[in-house]
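S.K.: Coordinates for the following, if possible.
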Amino acid sequence: MTDARLAGTDADGTLESLAIDVIRGLAMDAPHAARSGHQGTAMALAPLAHVLWTRVLTYDAQDPAWPDRDRFILSAGHASILLYSMLHLTGHGLSLDDLRDFRQWGSATPGHPEVGCTAGVEVTTGPLGQGLANAVGMAIAERNLRARFGADLCDHHTFVVCGDGDLAEGISHEASSLAGHQGLGRLVAVYDDNHVTIDGPTELALSDDAAARFRAYGWHVLDLGEAAEDLDAIEDAFREAMAVKEQPSLVVIRSHIGHPSPDVDSSAIHGYSLTDDGITETKARMGLPEAEAFWVPDDVLALYRQAGRRGADARTDWEQRLEQFTGDRAAWDAAQGGRGVAGWADALPSWEAGAVVATRKAGNACIQALLDVVPGLLGGGADLTGNTGTTILGHGVQGPDCPEGRQLFFGVREHAMGAICNGLALHGGILPVNGTFLVFSDYMRGAVRLAALSGARTVFVWSHDSVGVGEDGPTHQPVEHAAALRAIPGLPVFRPADANETAGVWRHIVEADGPTALLLTRQDVPVLSGTDDHRAVARGGYVLAEPDSGPDVVLIGTGSEVAVALDAAATLTAAGRSVRVVSMPCTELFATQDDAYRTAVLPPGVPTVSVEAGVTFGWERWADRSVGIDRFGASAPGERVMAELGITATAVVDAAESLLTA
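M.R.: The predicted structure follows:
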């Protein structure tokens with residue numbers, strides 16, 4: 001690790017004080033230029049950011065993606081101008097013009113941090129609490145990779161800054177509880193206790209003792225009180241936190257939002273309240289040029305550019321260690337890429353047609369088969385690990401006593417589970433999988449949406465995918481959930497017909513560049529003939545059964561209803577109809593195929609019927625008539641519920657005949 005102090009820093013702190021005020025100036029100027037944004041938190045936390053980026057964090061601005069850098073997450077993403085200011089000053093590639101374009105179309109400085117948009121931004125934050133949960137995932141990833149590949153390749157900390165809003169959101173309770181249980185000693189969170197929300201003082205709705213709460217979770221807590229301007233006290237707190245090996249740490253700091261503006265400690269300064277007069281007065285108080293926006297003097301810029309290269313030697317040393325690494329380099333490289341080692345796809349299982357297998361069980365067989373050839377694979381379920389097929393056997397249970405373990409028990413924490421897995425994925429080195437029942441995807445939608453927005457390679461396994469769940473009744477029987485998930489851009493939602501299609505989805509997962517949703521059956525379903533073409537599955541839809549002559553009607557099925565479509569086709573064929581059956585495991589990927597392929601599968605002018613045990617919403621794009629369930633389910637054995645709600649071959653035959661005779 002590099003030395004805490006910068007060479008040449010002024011002994012009396014005058015330059016550091018000026019540098020902090022320059023950050024505050026930028027925090028006012030950028031939102032003012034945009035006429036939108038959040039000034040106050042960035043101003044209040046300027047000293048904290050200064051300490052982190054000049055004294056504490058190990059990073060190299062010339063290589064923001066260096067794998068062994070410290071991770072910094074701004075969970076309070078509304079204060080994005082603070083992060084953008086530091087990235088500009090330390091030389092990550094942001095220019096002053098980028099700051100001037102804050103919150104504008106196509107800029108590298110959007111209103112909340114977005115990973116992939118701005119070099120140095122680790123995760124996409126904004127919805128409060130998500131960044132804190134992401135940080136938990138990153139800390140787990142660091143520990144797991146360090147245990148498996150050694151400290152020479154992985155040896156860093158994760159820092160996250162959050163505020164009252166982050167800790168008020170329920171996801172923070174889930175994530176922080178798991179972090180304490182896991183004993184994540186390299187996770188350091190800062191709680192900006194500024195007592196201000198948009199509605200007014202936090203006391204309007206909040207009387208928690210955050211320090212006591214986190215101690216109860218098993219965290220190491222340092223309450224700094226009124227130390228937001230004390231650089232040495234802030235640094236000392238970070239050093240103490242970083243020295244704690246078996247607990248995550250929370251640093252509580254009482255800041256004054258908007259300091260040193262005339263709007264300090266007001267709810268207005270949480271947003272954009274300082275305009276011309278307020279900015280002029282605040283700059284005068286700090287001794288900055290009052291009429292010059294985006295002012296960064298040369299000596300301040302030099303200070304921060306030097307800070308931005310503090311980690312250069314550490315990075316070079318790491319690169320040398322990587323070159324000299326005598327461990328399994330192929331596994332390291334595959335893990336870092338989120339891919340498999342050479343020949344990995346050959347490990348995927350296959351099933352003979354005629355077997356009867358629940359796709360959740362087939363999914364688990366795929367996971368087990370891939371563990372040795374996809375080194376980054378890690379995960380588990382939200383207290384439904386065995387039920388969802390996310391059990392990982394023979395590779396240890398992740399925890400302080402087995403940091404190399406690849407089975408992670410999330411407990412009943414669906415929302416945090418999704419966000420933690422996003423952190424695992426965005427850290428690099430981990431391909432995370434998580435599981436719960438499809439009906440509970442509602443609990444984790446915020447994290448799922450951010451996975452899609454971030455391009456995080458998170459694998460969401462949702463089993464018990466239809467009213468076939470049976471006796472648990474409508475509270476546990478999803479009907480609208482597949483359609484709701486399909487509405488999320490960038491999230492391919494697979495509902496495989498059988499075990500072999502499930503293996504095909506897993507091939508897609510390892511080769512994909514973003515998240516994947518996998519909807520699996522509780523009940524056994526037959527293994528069908530012709531479903532073992534992985535490339536066809538990855539196209540989202542394909543012809544599964546073809547008549548001897550051109551089709552009179554096309555039946556489209558997904559998931560367990562592909563078998564229903566085949567049964568209906570047999571009845572229609574016996575009645576003299578020419579029937580094509582299409583399996584469409586992923587409508588989103590089918591929609592991305594070229595016109596020639598789509599029309600070859602679904603010929604224009606040929607009547608089409610879809611069948612899926614869920615709402616018919618969305619199927620109008622692909623089918624002339626849909627057999628589905630546009631109501632909630634009922635408590636009864638699964639087969640009875642399916643029959644009562646019309647998911648039968650007879651219903652599909654009737655729909656097809658009505659189209660053909662119309």
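
S.K.: And for the closest residue to S267 other than its chain neighbours, the neighbour number?
M.R.: In space, and not counting its chain neighbours, S267 is closest to G200: 5.0 Å by C-beta to C-beta, 6 or more residues apart in numbering. Quick note: C-beta positions are derived from backbone N, CA and C, even for glycine. By other C-beta atoms under 10 Å, the residues close to G200 number 13.

S.K.: wait, doesn't G200 sit right on D265?
M.R.: No: using C-beta atoms under 8 Å, G200 and D265 do not qualify as a contacting pair, with a distance of 11.1 Å.

S.K.: all helices for the stretch 1-150 of the chain, in order.
M.R.: In the stretch 1-150 of the chain, helices defined by DSSP state H, counting those that start in this stretch lie at 14-34, 40-44, 46-51, 80-89, 96-100, 130-149, listed in chain order.

S.K.: chain center to the fifth one: distance?
M.R.: Put plainly, it is helix 96-100. Using C-alpha atoms, centre = their mean, to the nearest Å, the distance from the centre of helix 96-100 to the centre of the chain it belongs to is 28 Å.

S.K.: what's the answer for the second one, then?
M.R.: Taking the mean C-alpha point of helix 40-44 and that of its whole chain, the gap between them comes to 27 Å (C-alpha atoms, centre = their mean).

S.K.: Could you name the helices and strands sitting against it?
M.R.: Other helices and strands packing on helix 40-44, by 3 or more C-beta pairs under 8 Å, 6 or more residues apart in numbering; DSSP states H and E, are helix 14-34, helix 80-89.

S.K.: mean confidence for the last one?
M.R.: Per-region confidence: helix 80-89 scores 98 on mean pLDDT.

S.K.: where's that helix relative to the chain centroid, distance-wise?
M.R.: On the basis of C-alpha atoms, centre = their mean, the separation between the geometric centre of helix 80-89 and that of its chain is 23 Å.

S.K.: now stretch 357-370
M.R.: 23 Å.

S.K.: Can you list the buried residues in it?
M.R.: Buried residues in stretch 357-370, counted by 16 or more other C-beta atoms under 10 Å: 357-370.

S.K.: With stretch 563-572 instead?
M.R.: Of the residues in stretch 563-572, those buried (16+ other C-beta under 10 Å) are 563-569, 571-572.

S.K.: wait, what's in contact with the residue nearest to the spatial centre of the chain?
M.R.: Centroid check for the chain by C-alpha atoms, centre = their mean gives N422 as the closest residue, at 2.8 Å. Contacts for N422 (C-beta atoms under 8 Å, 6 or more residues apart in numbering) come out as 123, 130, 133-134, 137, 447, 450-451, 454, 456, 458.

S.K.: Can you tell me which of those lies closest to E114?
M.R.: Relative to E114, the closest of the contacts of N422 is S454; by C-beta to C-beta it sits at 7.7 Å.

S.K.: how about the closest residue in space to the closest one that isn't next to it in sequence, phi and psi?
M.R.: The spatial neighbour of S454 that comes closest, neighbours along the chain excluded (C-beta to C-beta, 6+ apart), is T124 at 4.5 Å. When quoted as degrees, to the nearest 10, the phi and psi of T124 stand at phi -90, psi 120.

S.K.: same deal with the one 5 residues further on?
M.R.: In this entry, G129 is assigned phi and psi values of phi 90, psi -20 (degrees, to the nearest 10).

S.K.: What's the separation between it and A425?
M.R.: Spatial separation of G129 from A425 under the definition C-beta to C-beta, to the nearest Å is 18 Å.

S.K.: Now render the contacts of N422 as TSV, adding pLDDT.
M.R.: Listed next are the contacts of N422 as TSV, based on pLDDT from 0 to 100:
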residue	pLDDT
V123	98
Q130	98
A133	98
N134	98
G137	98
A447	98
L450	98
A451	98
S454	97
A456	98
T458	98
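
S.K.: now, among these, which is nearest to R148?
M.R.: The closest of these to R148 turns out to be G137 (C-beta to C-beta; 16.4 Å).

S.K.: How much space separates R186 from G530?
M.R.: Counting by C-beta to C-beta, the separation of R186 from G530 is 50 Å.
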